[in-house]
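Student: Show me how the following folds:
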Amino acid sequence: MHRAALSEVFLTDWSRAGRDAFTVKAQLPRCHTFYVPEYGIYDPLLLCETIRQSSTLLTHVAYQVPFGHQLSWSRLQFAVHPQAMRIEDTPADVELHVTCSDIRYHRSLPVTMSMHLEAVRNGSLLAMASVRFGSHSPAVYQRLRPGRGDTEETFSNAPKPPEPVPRSTVGRLRKQDIVLSPAAEPLRWQLRVDTSHPVLFDHPLDHVPGMLLLESVRQAGQAVRPSQAGASIPVSMDVSFNHYVEFDEPCWIEADETSPTGTRRTIRVNALQKGSFAFNASAELAEIGSF
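Tutor: Next up, the predicted model:
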């Protein structure tokens, strides 16, 4: 799963359902230190982490991609049914029905593919998602990222994070969980990367992980217009990842709200680093209590 902590692995089983079709089983914990449930609702980003783990699992066990190859997202889309996200008396047992397509091979190993997932809980559709990603051998990865091949050195030399925005701005209680820092311009923040975070960085990396970038989208949406009900969740996202976000250059998160409609609103979020967009995202946020 590319996780060091066993407690952060949510998958429990997998099976093949066809040539490029699979069933992955997962169990979502009722509480989590980072993906905190709000008002009895599972955090959709907990489901995104489960999707990430599913793509990692199947790449290795179903398509025999060796450990040591680097996986990188190019696009992620998801939409959840909030009513199905409610926490019950026992952890949520989820089945993910996965279909892989647009697979490009090199020497019998996939180098790019798309995965389409339907998450089902108690027979009801919980979410739908798709992810496009690539797999890079160590030699290819070295060519893609010259001078950054020593992960331990790159990770240990990452600068200390700047001071965060106020907790109330992004709806986070712990300073460590805040991924935005103030900037001089309105609707603009510096990405705050704390490599000591036990969930986002439970092992050394040579770049900012995708789950931290998704969290920046969520927190930017909260910062644009704080929830009137005290909490809102991202019920859908569409994120295009253009290049890696590096530790040693400031990354600027820019957001604007495009279409507020009652208890739901859509935001656009861009990440700018070294003069180019590292990712572009749109997200729909819904007030908890509206469903």
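Student: mind checking the end-to-end distance for stretch 253-273?
Tutor: Terminal residues of stretch 253-273 are spaced 9 Å apart (CA to CA, to the nearest Å).
Student: ok, residue 242 - contacts?
Tutor: With contact set as CB atoms under 8 Å, 6 or more residues apart in numbering, residue 242 has these partners: 276-280. In this view, the C-beta of every residue, glycine as well, is placed from N, C-alpha and C.
Student: who wins for neighbours among the residues you listed?
Tutor: Tallying neighbours with other CB atoms under 10 Å puts residue 279 at the head of these, with 26 neighbours.
Student: which residues in the stretch 51-200 of the chain form helices?
Tutor: With helices called from DSSP state H, counting those that start in this stretch, the stretch 51-200 of the chain shows them at 138-144, 151-156, 167-170.
Student: Across the sheet, point out what pairs with residue 106.
Tutor: For residue 106, the beta-bridge partners are residue 109 (DSSP bridges).
Student: What distance do you get for it to residue 69?
Tutor: 11 Å (CB to CB, to the nearest Å).
Student: Those two - which one has more neighbours?
Tutor: Per other CB under 10 Å, whichever of residue 106 and residue 69 has more neighbours is residue 69, with 18 against 11.
Student: Pretty sure that one sits against residue 134.
Tutor: No - if you go by CB atoms under 8 Å, residue 69 and residue 134 don't touch, sitting 9.7 Å apart.
Student: give the contact list for the residue positioned nearest the centre of the chain.
Tutor: Centroid-nearest residue in the chain, with CA atoms, centre = their mean: residue 211, separated by 3.1 Å. Residue 211 sits next to 45, 48-49, 52, 200 when contact means CB under 8 Å, 6+ apart.
Student: now swap in residue 157 and tell me
Tutor: By CB under 8 Å, 6+ apart, residue 157 lies in contact with 247-248.
Student: Could I get the pLDDT score of the residue of the chain most remote from its centre?
Tutor: Within the chain, residue 107 marks the point farthest from the mean C-alpha position, 29.8 Å out by CA atoms, centre = their mean. At residue 107, the model reports a pLDDT of 92.
Student: Got phi/psi on it?
Tutor: With angles defined as degrees, to the nearest 10, residue 107 sits at phi 50, psi 50.
Student: just residue 39 next, same as before
Tutor: In terms of degrees, to the nearest 10, the main-chain angles of residue 39 are phi 50, psi 40.
Student: that older thread, which one of the contacts of residue 211 is nearest residue 285?
Tutor: Ranked by distance to residue 285 (CB to CB), the contacts of residue 211 are led by residue 45 at 12.2 Å.
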